[in-house]
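**Student:** Predicted structure and sequence below. I'll ask about it afterward.
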Amino acid sequence: MKQFGKILKFELKYYFKNKIFIGVTAFLMVLIAVVMFFPRITALFETGDTSGDTSVDTPADLSVMLVKADDPAGADLVRETFAAFFTNYDVQITDTEISVIKDKITSGDAACAFVMTGATSFTYYVDNLSMYDTNPDIAAGVLQQLYQMNAMMNGGMSAEDAADVISIQIEGEVESLGKNQIQNFFYTYIMIFALYMVILLYGQMVATNVATEKSSRAMEVLITSAKPTSMMFGKVLASCLAGFIQLVAVFGSALLFYHVNQSYWGDNMIVDSIFNIPPELLVYMLVFFVLGFLMYAFMFGAVGSTASKLEDINTSVMPITMLFVIAFMVVVFSMSYGNVDNALMLVCSYIPFTSPMSMFTRIAMSTVPWYEIAISIAILIGSTVGIGVLSAKIYRVGVLMYGTTPKIGNIIKAVWKA
């Protein structure tokens, strides 16, 4: 235990003295501060002496939309209806020729124009058609309402009654008896992405540190004075603590800055859902995050001890990286399709290499029986401890192997004899 404590303390000092580690943490905190304070900063520039300005949008500030009605008698109704739907335009009725309308659009005097070719048809004129231009779709809905109103008025209804019938609003409520996937999607994705980044980053660092010590022959001295289990667990837990402290610093500052500027964010559903994680879900997040990180860090450390040269690290850890990337893609695709309880996710929830992300995603976005969660966590704990012990044995054997890259068969035989 004394050896473990010394190794853990030494490795933690390495991370906290690492300029890259400190620099990345500080950069992320500053970046989050800029994002969280952005609405407040924007409000400062927007506030000013507006005592003489009593209107927000005036016709002079809006782009002109020309509308040529097919029936001059109903031009006023057309203008009023279009103005109600196209609030970001100054809707103007015109009776000029189409060539004149086109000239106004190309010269910039008008942004666009609708020329009615019938009661249910129109031609839309615009200079540069954007792929996000929804004006034709809105106009189609406007003309549909006008046609319905005219039909009802011709049938004997007054204009007011026809308008009331068309503008009737349907009220509906949604009550979810399980989990609200839309509300939980954002912080679930953030947790999965954070786990993905931390495991790949710190796992690579563990493997690189082990390979560096091996190439410098420092391990030959360490392995004779300390138990492999103490060394492996000390290195991995140090990286886990460093990563956890970094995440606490980053997300803790984000939470602090959010509460400072909460009034400026208003009712932003995305931001609000991210910073209002249910306590029980936060506990599950920490459990699966820590266990998943430890398991993969043990694997990275074991593989790093078998690398003959520091340059071989990327090739050696590729199978582990691919395994984790596949698990990440399964979860992301399942979340994108809105079905986190598919057969593949159910299976992945009990496989220790994929359960940290799969089971947490199911807990956050679905209703999972407690016994399934317990089984998944039990399997993950047992697998993490087993992989940790096995990694320590591989570490003891791998650090003494130099020259050619050790074969899996030789490592298994050496571990079996150890």
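**Tutor:** It's in.
**Student:** only C-alpha atoms for contact and neighbour calcs from this point on.
**Tutor:** Fine.
**Student:** Tell me the helices and strands packed up against the lengthiest helix in the chain.
**Tutor:** Longest among the helix segments of the chain by residue count, using DSSP state H, is helix 181-215. Of the remaining helices and strands, those touching helix 181-215 by 3 or more C-alpha pairs under 8 Å, 6 or more residues apart in numbering; DSSP states H and E are helix 228-260, helix 269-274, helix 279-306, helix 313-316, helix 318-337, helix 355-365.
**Student:** who wins for proximity to Thr188 among the ones you listed?
**Tutor:** Proximity to Thr188 (C-alpha to C-alpha) singles out helix 355-365 among the helices and strands packed on helix 181-215, at 6.4 Å.
**Student:** What is the closest one packed up against?
**Tutor:** Applying 3+ C-alpha pairs under 8 Å, 6+ apart, we find helix 355-365 packed against helix 181-215, helix 279-306, helix 318-337, helix 343-348, helix 370-398.
**Student:** change it to 6 Å
**Tutor:** The contact analysis (3 or more C-alpha pairs under 6 Å, 6 or more residues apart in numbering; DSSP states H and E) places helix 355-365 against no helix or strand.
**Student:** Can I get it in CSV, CA atoms only?
**Tutor:** The C-alpha coordinates for helix 355-365 follow below in CSV (Å, rounded to 0.1, in the frame of the first residue of the first chain):
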residue,chain,number,x,y,z
SER,A,355,-21.5,-0.9,-21.2
PRO,A,356,-20.1,2.4,-19.8
MET,A,357,-21.6,4.2,-22.7
SER,A,358,-24.4,1.9,-23.8
MET,A,359,-26.0,1.3,-20.3
PHE,A,360,-25.7,5.0,-19.3
THR,A,361,-27.4,6.1,-22.5
ARG,A,362,-30.2,3.7,-21.9
ILE,A,363,-30.6,4.9,-18.3
ALA,A,364,-30.7,8.5,-19.4
MET,A,365,-33.0,8.1,-22.4
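**Student:** That one vs helix 370-398, what angle?
**Tutor:** Orientation check (axes from the mean of the first three to the mean of the last three C-alpha atoms, to 10 degrees): helix 355-365 against helix 370-398 gives 160 degrees.
**Student:** what mean pLDDT does the longest helix of the chain have?
**Tutor:** The average of the pLDDT scores along helix 181-215 is 74.
**Student:** do the same with stretch 103-113
**Tutor:** Here the average pLDDT along stretch 103-113 is 90.
**Student:** which intervals of the stretch 1-150 of the chain have sub-threshold pLDDT?
**Tutor:** 1-3, 46-61, 131 (pLDDT under 70).
**Student:** where along it do the helices fall?
**Tutor:** 2-17, 19-46, 75-85, 98-107, 135-154 (DSSP state H, counting those that start in this stretch).
**Student:** Nearest approach to Gly304 belongs to which of those helices?
**Tutor:** Taking those one by one with C-alpha to C-alpha, helix 2-17 is closest: 16.0 Å.
**Student:** Can you mark which positions in the closest one are buried?
**Tutor:** By neighbour count on 16 or more other C-alpha atoms under 10 Å, the buried set for helix 2-17 is 4, 7-8, 11-12, 15.
**Student:** do the same with stretch 122-137
**Tutor:** So, applying 16+ other C-alpha under 10 Å, buried residues of stretch 122-137: 122, 125-127.
**Student:** on that earlier part again, out of the helices of the stretch 1-150 of the chain, flag the one nearest Thr315.
**Tutor:** With C-alpha to C-alpha, the closest approach to Thr315 among those belongs to helix 19-46: 23.4 Å.
**Student:** May I see the buried residues of that closest one?
**Tutor:** For helix 19-46, by 16+ other C-alpha under 10 Å, it's 25, 28-29, 32-33, 36-37, 39-40.
**Student:** For Gly382, state which of the residues you listed is nearest.
**Tutor:** Each of the buried residues of helix 19-46 was checked against Gly382 using C-alpha to C-alpha; the closest is Thr25, at 32.3 Å.
**Student:** and the gap between the closest one and Ile32?
**Tutor:** The spacing between Thr25 and Ile32, counted by C-alpha to C-alpha, to the nearest Å, is 11 Å.
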